[in-house]
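>>> starting from these lines, generate the structure:
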Amino acid sequence: MAPEQRTTHVDTQAELRRVDSETDMSVMSEGDFDPNTYKVRRSRLIGMVNWTHVVVTHAPQILAFGIVVLIAQLINQVVMDLSSKVEHQASPGDLEFSLETIVAVLEETKNLLINIYKSIAESHGLVLLSPEVKTTAIVLIIGGWLMRMDNPCYLLAFANFHAPDDWRVSHDQIIQMMKNQECFTDKSIDFMTKILANSATGQATAWPPGMTQSLKGKKADRSIEASRKEAEAVIFTIVEDALKKAKVTAKEIDVLVINCSLFSPTPSLCAMVISKFGMRSDIASYNLSGMGCGASLISVGLAKDLLQRRNFGGKALVVSTEIITPNLYHGNDRGFLIQNTLFRCGGAAMVLSNKWTDGRKAWYKLLNTVRVQGNDLVSYNAVYETQC
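Numbering: from 1, shown residues only. Reported below is the predicted structural model:
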């Protein structure tokens, strides 16, 4: 029997839903949202939780509680020994609570610890400890070893760039800026208009002041000074917001990684941030350029590797952005005209930490990073910068 044929009606007149890009590309109007779409049974949500990571996140508190239990067991052992040695042969645990008793317990605890050290040094083992104390000590040692093996990387805060209102332009204003450059043919203008109409970008996307001044009859300013102003406006804002959300100071940052593919000035963007926020002189800073859209993930992986090399943990600040001021294409090759219509101002900053004490207040935990380097000619020519 021939397979059942089904026809699906496709609305060819439907267009991509467009948002204003003022907050988030996923913003939906109330009429488009169906509350039943995202209903999931609670049992399924619980089943999706990785309880290993939940337990490991609370491991420092569990370990601290275990140390308290161990100390309590040691004191209990000392009290029991003292109660059996009193002259009136009191029942174990019947010692009178007084200042003399407390001093005697502390003195006996000190002697016990000294004797334990001597016993270990003389290779006699932990013969002076009760089985309960030995068991707790072994569990704590294994727990501490497992904690060291995990070496987590937590996301403490995340901030993205919200452009000022005077940076935001509509589709018609973008096309007008292109016309004011007086270098594009009518076919190029028509092509960019079609790209914008089908780009699903909104009517309030951000362009830097060096570009928007074209609306006032001026040519676009692609100078390094205008590029620096855009970089400072974007990077300083997101760094300040990320540090504030993470509740850390600039002095606490141990690693700084900034990636910007097409704008790599001297002094570097890292030096610009370090000077602005007064970071420490021993901070490990890395400025990545020419690595395209994948540089953000590469920066996170680099920050993770650098943090995990630190013996006592640390904090990293990762900044990802692209500065478009110096990169407006002034030719008529359609392959390059796309960048004039799709790219906008933006940036993101992340505060990462591999300290155990930051696990409970972290937003997310980084589990894996995978990087594949294309080594063929097609990959090499995928994004290629030339002089127009």
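>>> how close does the residue nearest to residue 275 when sequence neighbours are not counted get to residue 212?
Take residue 275 and drop its neighbours on the chain: the residue closest to it by CB to CB, 6 or more residues apart in numbering is residue 267, 7.9 Å away. (C-beta placed from N, C-alpha, C; glycine too.) To residue 212, residue 267 is 27 Å away according to CB to CB, to the nearest Å.
>>> can you list the residue ranges for helices in the chain?
42-48, 51-57, 59-83, 99-121, 131-150, 171-180, 186-197, 209-212, 224-246, 269-277, 295-308, 334-337, 339-342, 377-380 (DSSP state H).
>>> phi, psi of the residue nearest to residue 275?
The phi/psi pair for residue 267 (degrees, to the nearest 10) reads phi -60, psi 160.
>>> can you count the residues close to it?
Counted with other CB atoms under 10 Å, the neighbours of residue 267 add up to 10.
>>> repeat that for residue 227.
The tally of other residues near residue 227 (other CB under 10 Å) stands at 22.
>>> check contacts around it.
Applying CB atoms under 8 Å, 6 or more residues apart in numbering to residue 227 gives the contacts 210, 263, 265, 323, 325-326.
>>> would you turn the residues you listed into CSV with neighbour count?
Converted to CSV, the contacts of residue 227 look like this (neighbours: other CB atoms under 10 Å):
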residue, neighbour count
210, 23
263, 19
265, 17
323, 25
325, 25
326, 19
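>>> among those, which pair sits farthest apart?
Greatest spatial distance in the contacts of residue 227: 210 and 265, 14.5 Å, computed using CB to CB.
>>> is the closest residue to residue 302 other than its chain neighbours in a bridge, and if so with what?
Once flanking residues are discounted, residue 302 sits nearest to residue 257: 5.5 Å by CB to CB, 6+ apart. Here residue 257 sits in beta bridges with residue 286, residue 318, going by DSSP bridges.
>>> which regions of the stretch 251-388 of the chain lie under the pLDDT threshold?
388 (pLDDT under 70).
>>> coming back round to it: which one of the contacts of residue 227 is nearest to residue 361?
Out of the contacts of residue 227, the member with the shortest distance to residue 361 (by CB to CB) is residue 323, at 32.4 Å.
>>> do you know how far the closest residue to residue 298 other than its chain neighbours is from residue 260?
Distances taken as CB to CB, 6+ apart put residue 291 closest to residue 298, at 6.0 Å, once the chain neighbours are dropped. For residue 291, the distance to residue 260 (CB to CB) stands at 9 Å.
>>> check residue 226 too.
Residue 226 is 15 Å from residue 260, by CB to CB.
>>> and the two? Which one has more around it.
Comparing residue 226 with residue 260 by neighbour count (other CB under 10 Å), the higher total belongs to residue 260, at 25 against 19.
>>> show me what contacts the closest residue to the more buried one other than its chain neighbours?
Leaving aside its sequence neighbours, residue 260 sits nearest to residue 321 (CB to CB, 6+ apart; 5.4 Å). Taking CB under 8 Å, 6+ apart, we find residue 321 in contact with 161, 231, 234-235, 238, 258-260, 346-348.
>>> could I get the residues you listed as TSV with distance to residue 193?
Formatted as TSV, those follow (distance: CB to CB, whole Å):
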residue	distance to residue 193
161	27
231	29
234	27
235	32
238	32
258	35
259	32
260	29
346	23
347	28
348	30
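>>> closest one of those to residue 279?
residue 258 (12.2 Å).
>>> and that closest one, how many neighbours?
Per other CB under 10 Å, the neighbour tally for residue 258 reads 27.
>>> sorry, back to before: isn't the residue nearest to residue 302 up against residue 303?
Yes - taking CB atoms under 8 Å as the definition, residue 257 is a contact partner of residue 303 at 5.0 Å.
>>> common neighbours of those two, please.
Here residue 257 and residue 303 have 316, 318 as joint contacts, going by CB under 8 Å, 6+ apart.
>>> residue contacts, residue 213?
220-221.
>>> rerun that using 7 Å as the cut-off
Taking CB atoms under 7 Å, 6 or more residues apart in numbering, we find residue 213 in contact with residue 221.
>>> same check on residue 243?
Neighbour list for residue 243: 249-250, 351 [criterion: CB under 7 Å, 6+ apart].
>>> next: residue 234.
161, 321, 345, 347 are the contacts of residue 234 under CB under 7 Å, 6+ apart.
>>> now do 6 Å
161, 321, 347 (CB atoms under 6 Å, 6 or more residues apart in numbering).
>>> the second one and residue 327, how far apart?
So that's residue 321. Distance of residue 321 to residue 327, given as CB to CB: 13 Å.
>>> for residue 77, same thing?
Separation of residue 77 from residue 327 (CB to CB) stands at 72 Å.
>>> before we move on, what about residue 314?
Noted for residue 314: a distance of 34 Å to residue 327, by CB to CB.
>>> number of nearby residues for the residue nearest to residue 310 when sequence neighbours are not counted?
Distances taken as CB to CB, 6+ apart place residue 254 nearest to residue 310, at 6.8 Å, with adjacent residues excluded. Other residues near residue 254 number 21, with proximity taken as other CB under 10 Å.
>>> give me phi/psi at residue 254?
With angles defined as degrees, to the nearest 10, residue 254 sits at phi -100, psi -30.
>>> about what we covered before: do you know how far the residue nearest to residue 298 is from residue 373?
Separation of residue 291 from residue 373 (CB to CB): 11 Å.
>>> for residue 155, state which of the contacts of residue 227 is nearest.
Nearest to residue 155 among those, with distances taken as CB to CB, is residue 323, at 24.6 Å.
>>> quick one: contacts for the closest one?
Residue 323 neighbours (CB under 6 Å, 6+ apart): 227, 230-231, 260, 263.
>>> rerun that using 10 Å as the cut-off
208, 210, 226-231, 234-235, 260-265, 269, 345, 347 (CB atoms under 10 Å, 6 or more residues apart in numbering).
>>> same question, residue 155
Contacts for residue 155 (CB under 10 Å, 6+ apart) come out as 246, 300, 318, 350-353, 358, 362-366.
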